[in-house]
Structure formats: structure tokens, C-alpha cells
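*Asks:* Pasting the sequence and the predicted model now:
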Amino acid sequence: MSRMTDVPKRLLLGRALRSDRLGETLLPKRVALPVFASDPLSSVAYAPGEVLLVLSVAGVSAYHFSPWIAVAVVVLMFTVVASYRQNVRAYPSGGGDYEVATTNLGRRAGLTVASALLVDYVLTVAVSISSGVENLGSAIPFVVEHKTFCAVAVIVLLTLMNLRGVRESGKLFAVPTYCFVVGVFALIIWGLVRGVLLGDDMRAPTADYEIHTEQHGIAGFALAFLLLRAFSSGCAALTGVEAISNGVPAFRKPKSRNAATTLALMGGLAVTMFCGIIAFAMVTGVKMAENPAKDLLIDGHPAGDGYTQNPVISQVAAAVFGDGTAPFVFLAAATALVLFLAANTAYNGFPLLGSILAQDRYLPRQLHTRGDRLAFSNGIVLLAGAAAILVVVYEADSTRLIQLYIVGVFVSFTLSQTGMVRHWNRLLTTESDPARRRHMHRSRAINAFGAFLTGLVLVVVLVTKFTHGAWVSLVGMALFFAVMSAIRRHYDRISEELAADETAEPQLRPARVHSFVLVSKIHRPTLRALRYAKLMRSDTLEAVTVNVDHDETELLRREWEESDIDIPLTILDSPYREISRPVIDYVKRLRQEQPRDVVSVFIPEYVVGHWYEHLLHNQSALRLKGRLLFTPGVMVTSVPYQLESSEVAKKRARRREQWNAPGAVRRGPVIPPRKSGRDGGGPEGSAGSLTRQRGK
């Protein structure tokens, strides 16, 4: 079966890469920019329109506030970019907002940031792809009629591209992203040439339309609230900025400097394009309405249900380039593509953050493992599944999905920058150099200003969008927080239960034994397996571990040398991060050297009782046993270690036997067997994990 699935897997994803080729997958700045910044760069395709849509509530006269809103967005963008440049230098490990908040504000704050970012990444994929499908559907009717199916198909396609590896997906996405940037800058430059040098009168297709509003003369608090709402909508341009701070490990060395440079480049490009589109929207007379069928008037009459309102960038391109011209078509195609590829920011940010959370035991350990192409494959698949569910539930309607958007990213912005303020406060207490203190004071002021602005935007977003769907994001964040907290408690409880204790486990007794014991770390299941193997009176005895993670293997080797275990430890290299193959190859070598010998493999396992515990521990032991059973001359023995939760499964099995077994009524009540301690028990549930995992 594995050979049958291996061929299509290799065709889709490519050949597996060795662990020592990880450095070859690291990204130069020119590739990292489209990989990590496609979301904020593509937001200029819809963020200006969001500003004008909100202002249209007060009529066309309110449009003159849009330049000031653009200035406010620019100030916020530069503040956030400046803050994150400090983040990537101070915290280059890739933890980003999560690490900053955890280190400076505590575990709960860090988990809140992680929950917010995970929700925002899922929404980024759902919103970007739904928006791209809707833009494409304006030209292809089939896409509109089956937009949910098409959106899910695009998610599957992006997932396969990302599973091939970060570097390969970056190369694929670089061309459309740079085409979009070139197209927008060509639009701005040619517009300046026509408007300033040639004196042409550029008019958008909606320049002569009017906007009907029932809220004439809006002023005072209502106007201030409307402007804040328009500002918060324009802040969609900031979504994805934090992805670079989470993706620092994917950069080439010097990682921090390259990430900081990419941040600055991304901020400059995004701000220039955003301001350019806003400015030309004002010059060309673009009109946008929240309900165009009713509120957009053409020759004094409502546009009607058959009217399609084109995005701001499309209307500006029609005014500057001319509708239907080659540059117009080029920019329209690049815009549609970059909206699809904006989801790639999440495809790189979510798996990296998930890997860090898994390493900290907040998510299943499988998310920390790299796949065949050295990408965090499990995280990519999890993100794709969650986004696909959202797309199906909301029928790929970007208007409904975008109401859930922005909340998570501004929660992370606010807490991260607040954490950076505390970071500088802590350093200032020990720093005596005047020059460095001045730099720290300046950095703290930037972070404090950023925390204030992002906190204000967060409040406005919550107030204005809560009833329109923002509450769903808050519920999602709460669910992530609760689930990750429960996973951490589980791993902590298992770690405490499995910790090696000399008083609990007696010293290994010397005896004539031949055993081949698989170990991952020194804890109670390992000690029990070694002690049991020595009682089998075989010819030789050794412990074997598979080198999947060099740091953890080195730690095990040092602990083994420092312990009193008088059994040699053999380390098997695994360049492709596999468990089964190195063990099988090692067994075959032993058989070739001594064909008449029998190899006995002892696998320490532990037994769990709750269904959800099986999801948190992989089944490497089961897969390895399945392969060893088909290897000639090999005997496989499982040494179970029953966790406390296995008692639940034992009681459940007894109840089923008592009440459901045939003849139970005639047989009478079942007398439970007398307990003889842990050592005498067999596995009442499925096996736990063989691989090295924190918290086990």
C-alpha cells in the first residue's frame, strides 16, 4: 500500500529532501517578499474601496476625508513596520508576536496572541481566495455559478504547491506578485504623466454617478465614529504584516537583518500603492456605495440589481490606462492572481507558528515535524482544512467573510507592541550606556505609540463589526485558547507521570540477556522495557534510538552517559526524519551478519484511555510493529505502560462485557480480576507513541 501511494505523492510533491538540505530551502529577500508579504501587498486591491464604501454612508461630500484617513493608515503602517523591525531583531527565533507576548506579558497573553493569529491566518485564506474567485467570476460565468467548489479547488491547489516546499512555492508565487506591484506602479507613474505633464482629464466609469444617502449633514459624534470606522476598514492594508516576524527562520543568514529589510521594503511598497490608489480614486471621481443597486444613481435613477460594482483599482485603471487596453487587462489579471496568492502569507505563517506552539506543547507534536519536502506539512494541511470548512459554510461569500477579518491581527498587534514596551522597560533597568539608553527610549516610544493606535483600531473594529460577524472570530479565538490550554495540561500531566524516578523504578538487575530495545528518552516506560529485556536471557543487549532531531538526540546521549544504565546506546541516523526505515535497515544488517540469529525487538509503549488522547500521540509504534512483523527472523515484543487514564478504558470494557456480552444474564455478574500492580497489566487501549515528544 505504501508503494501504491508513494508514486502519486512523489509526482505531486517531488522527492523527499534530506534534513541536511534544510539550508537550501531558506529564502533570499527577493523570494521572501512575495512569500511573506503577498497579503499586505495585495490588500491595496480592496482596502481603498473599503474606505470609500464606509464614507459613502455620509455621501460623496465625505470623500474629502479619505486622504486624511490614508495618512492615518500610513502612519500606522510605518509605526507597525518600525515596531516589527525591532521584533525580528530582539526575537529572531520565529515566535513573533507569540514569543514577544509570552516573554513579556505572560503565558496567557501569549496564548491569546497565538489564538488570534491562528484564526486570522485561517480567515486570510478564506477571504483572499473567495475574493479572488469573485473577481475571476466576473469574466467566467462558470466560476460564479460554482464559486464554492472553485474556491475549495483553489485551496487544494495552493496546498499542494506549498507542500512542495517553501522555496518552490515562493518561486511560483513571485512572478504574479511582482507583476501586480509593477502594474500598480505603472498605473501611478502613467497617471502622473497624464495628469501633470500632459494635462489630460482622467475620468472613472462612475465619475458622473451620484450617491443617494439618507444621512445628510452627518456631524459630531456620528461623523467621528464614521471616520474611525473608515479608518479601521482601511487598516485591512496591515493584515499579514506580522507574518514576516513569524517567518524569520525561513530567511537566509543573516536572518534578522534580511527579515528587517524585507519588512521595510514591504511597508514602503504597500504604503506607496495604497496612497496612489486613494489619490487617483479622488482625482478620477470614483464612486462606491455599500448598496450600489439602491444607493448608486445613474442619471438620477438607482443602478438596479443588474449593476456590478467594480473595485476601486479596476475603475482607476480604466481611467488611467483606458478600459480594455493591454495595460488594463494586464493589471486586472495580476490583481486576480495576487488575490489568490495572498493566501500564501497564511500558508507560511500558520505552519511556522503551529510548529512553535507544538514545541511548547500547546498543539499536537505532529505539527512540529517537517514533511518530506522540509515544510511543516501537517500545519499546511490543517490550515487548508479549516479554511475549506469556512468557505463551504459561508458559500465563498467574501462580503460575509470579511466581517470576521482584522480582529485577530489587531489583537496580536496590540499585545505584541505592549509586550515590546515592557521589553524595553526591562532592559532600561540594567543598561547604563547613554547612547543605548537613548535608542531604547526611542524604541519604547515607537512601540507605545503603536500599541495605542492598534488598540484604538481594535476597539473600533469590535464595536462596528461585532454584530456583523466579528463575534465569530472571538468565539474561534476562545476555542483555540481552550483547546491549546487543554493540550498543554495533558502533556504536562503525562510528562510528570512518565518522569524517571529511581525510587519508583528499581535499579536494573544484571543478567544474561540479549535485547534490542527502542528508546526515545529516559523515563519510566524506557526503564521498564530495559529491565524486562534483561530478564529474557538473550545473548546481547543494546538500546537503540533514531536520530530525528539532532538536539534532542544529543540530549539523550548525554543523559544516557550520565545515568547508571549499563547498556550501550546505539544511535541510528535518519536523514529523512523517518522512524521505521532506519530500524528496519538496522535489523536487516544484523540478520545479514548472523543469518541464524533471531533479532528480538522490544518496544516500550504506554496505554491511554480517552479517545482524544489518541489524537495527541502519533502511532509510530504501531506502524513500526506492522513492518517488523513482515521481516523474517524478527520477534517483536511490546512493553506496555498503563497511564492513569487507561483505568477509564478498563472500566468501560468491563461494563460492556457485563451488560452487552451474550449470555450475560445467565452467567451472572462478572467478578473483576484481582489487581497485581502496573507491571502485571496488559494493554487495554491502543498504543501511544514511540517517537521522541516533549510532554510524554
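*Replies:* Cool, got the structure. Residues are numbered from 1 along each chain as shown.

*Asks:* Run through the strands of the chain in chain order.
*Replies:* Remark: strands assigned in the chain by DSSP state E are 210-211, 296-298, 301-302, 515-518, 541-547, 569-573, 599-607, 634-642.

*Asks:* List the strands paired with the first one, with their directions.
*Replies:* I take that to be strand 210-211. strand 296-298 (antiparallel) (DSSP bridges).

*Asks:* chain center to the strand it pairs with, what's the gap?
*Replies:* Centroid displacement of strand 296-298 relative to its chain, using C-alpha atoms, centre = their mean, to the nearest Å, is 43 Å.

*Asks:* can you check stretch 437-445 too?
*Replies:* 32 Å.

*Asks:* Any chance of the strands of the chain in CSV with distance to Phe350, mean pLDDT and mean neighbour count as columns?
*Replies:* The way it works is simple: take the backbone N, C-alpha and C, and place the C-beta from them, glycine included. Formatted as CSV, the strands of the chain follow (distance: least, C-beta to C-beta, whole Å; pLDDT from 0 to 100; neighbours: other C-beta atoms under 10 Å):
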stretch, distance to Phe350, mean pLDDT, mean neighbour count
strand 210-211, 39, 80, 20
strand 296-298, 38, 80, 18
strand 301-302, 43, 78, 12
strand 515-518, 33, 82, 24
strand 541-547, 28, 89, 21
strand 569-573, 31, 90, 15
strand 599-607, 31, 84, 23
strand 634-642, 34, 84, 19
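
*Asks:* for those, which one sits closest to Ile446?
*Replies:* For these, proximity to Ile446 was assessed by C-beta to C-beta; strand 210-211 is nearest, at 38.7 Å.

*Asks:* How is this structure divided into domains?
*Replies:* If you go by automatic domain parsing, the domain ranges for the chain are 36-490, 515-680.

*Asks:* At which residues are the helices of the stretch 401-550 of the chain located?
*Replies:* 407-428, 434-465, 471-498, 524-534, 550-562 (DSSP state H, counting those that start in this stretch).

*Asks:* worst average pLDDT in these?
*Replies:* Among those, helix 434-465 carries the lowest mean pLDDT, a mean of 84.

*Asks:* and the spatially closest residue to Thr553 that is not a sequence neighbour, what does it touch?
*Replies:* Spatially, and ignoring its direct neighbours in sequence, Thr553 is nearest to Asn547 (4.4 Å; C-beta to C-beta, 6 or more residues apart in numbering). The contact partners of Asn547, by C-beta atoms under 8 Å, 6 or more residues apart in numbering, come to 553, 571-574.

*Asks:* Out of those, which comes closest to Ala486?
*Replies:* Thr553 (29.6 Å).

*Asks:* Could you single out the most deeply buried of the domains of the chain?
*Replies:* Using mean count of other C-beta atoms under 10 Å, the stretch among the domains of the chain with the greatest mean number of neighbours is domain 36-490 (a mean of 20).

*Asks:* gap between Val393 and Ile129?
*Replies:* 14 Å (C-beta to C-beta, to the nearest Å).

*Asks:* er, Leu52 I mean
*Replies:* Distance from Leu52 to Ile129, counting by C-beta to C-beta: 24 Å.

*Asks:* before we move on, what about Ser600?
*Replies:* 53 Å.

*Asks:* what ranges do the helices span in the stretch 51-200 of the chain?
*Replies:* 66-90, 96-105, 107-137, 141-145, 147-163, 166-192.

*Asks:* Quick one: closest of those helices to Cys235.
*Replies:* Taking those one by one with C-beta to C-beta, helix 66-90 is closest: 6.2 Å.

*Asks:* Leu331 reaches Val316, doesn't it?
*Replies:* No. Between Leu331 and Val316 there is no contact under C-beta atoms under 8 Å: 9.4 Å.

*Asks:* anything in contact with each of those two?
*Replies:* Going by C-beta under 8 Å, 6+ apart, residues that sit against Leu331 and also against Val316 are Leu187.

*Asks:* all helices for the stretch 251-400 of the chain, in order.
*Replies:* Counting by DSSP H, counting those that start in this stretch, the helices of the stretch 251-400 of the chain are 255-284, 292-295, 312-320, 326-341, 343-359, 377-393, 398-401.

*Asks:* looking at the helices of the stretch 401-550 of the chain, which is closest to Leu76?
*Replies:* So among these, helix 434-465 is nearest, using C-beta to C-beta, at 5.1 Å.

*Asks:* Make JSON lines from the helices of the stretch 51-200 of the chain and add mean pLDDT and distance to Gly268 to it.
*Replies:* Formatted as JSON lines, the helices of the stretch 51-200 of the chain follow (pLDDT from 0 to 100; distance: least, C-beta to C-beta, whole Å):
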{"stretch": "helix 66-90", "mean pLDDT": "85", "distance to Gly268": "9"}
{"stretch": "helix 96-105", "mean pLDDT": "86", "distance to Gly268": "21"}
{"stretch": "helix 107-137", "mean pLDDT": "84", "distance to Gly268": "22"}
{"stretch": "helix 141-145", "mean pLDDT": "73", "distance to Gly268": "34"}
{"stretch": "helix 147-163", "mean pLDDT": "85", "distance to Gly268": "27"}
{"stretch": "helix 166-192", "mean pLDDT": "80", "distance to Gly268": "11"}
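
*Asks:* picking that back up, adding distance to Cys150, write the helices of the stretch 401-550 of the chain out as CSV.
*Replies:* Converted to CSV, the helices of the stretch 401-550 of the chain look like this (distance: least, C-beta to C-beta, whole Å):
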stretch, distance to Cys150
helix 407-428, 26
helix 434-465, 27
helix 471-498, 23
helix 524-534, 49
helix 550-562, 44
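
*Asks:* Looking at those helices, which is nearest to Val81?
*Replies:* Among these, helix 434-465 sits nearest to Val81 (C-beta to C-beta), with 9.5 Å.

*Asks:* For the residue nearest to Thr553, give the beta-bridge partners.
*Replies:* Applying DSSP bridges, one finds that Asn547 bridges with Asp573.

*Asks:* In contact with the residue nearest in space to the middle of the chain, which residues are there?
*Replies:* For the chain, Phe350 is the residue whose C-alpha lies nearest the centre (C-alpha atoms, centre = their mean; 0.8 Å). Residues in contact with Phe350 (C-beta under 8 Å, 6+ apart) are 118, 121-122, 379-380, 382-383.

*Asks:* ok, 7 Å please
*Replies:* 118, 121, 379, 383 (C-beta atoms under 7 Å, 6 or more residues apart in numbering).

*Asks:* Need the pLDDT of Ile402.
*Replies:* On the pLDDT scale, Ile402 gets 70.

*Asks:* Tell me the spacing between it and Ala470.
*Replies:* 10 Å.
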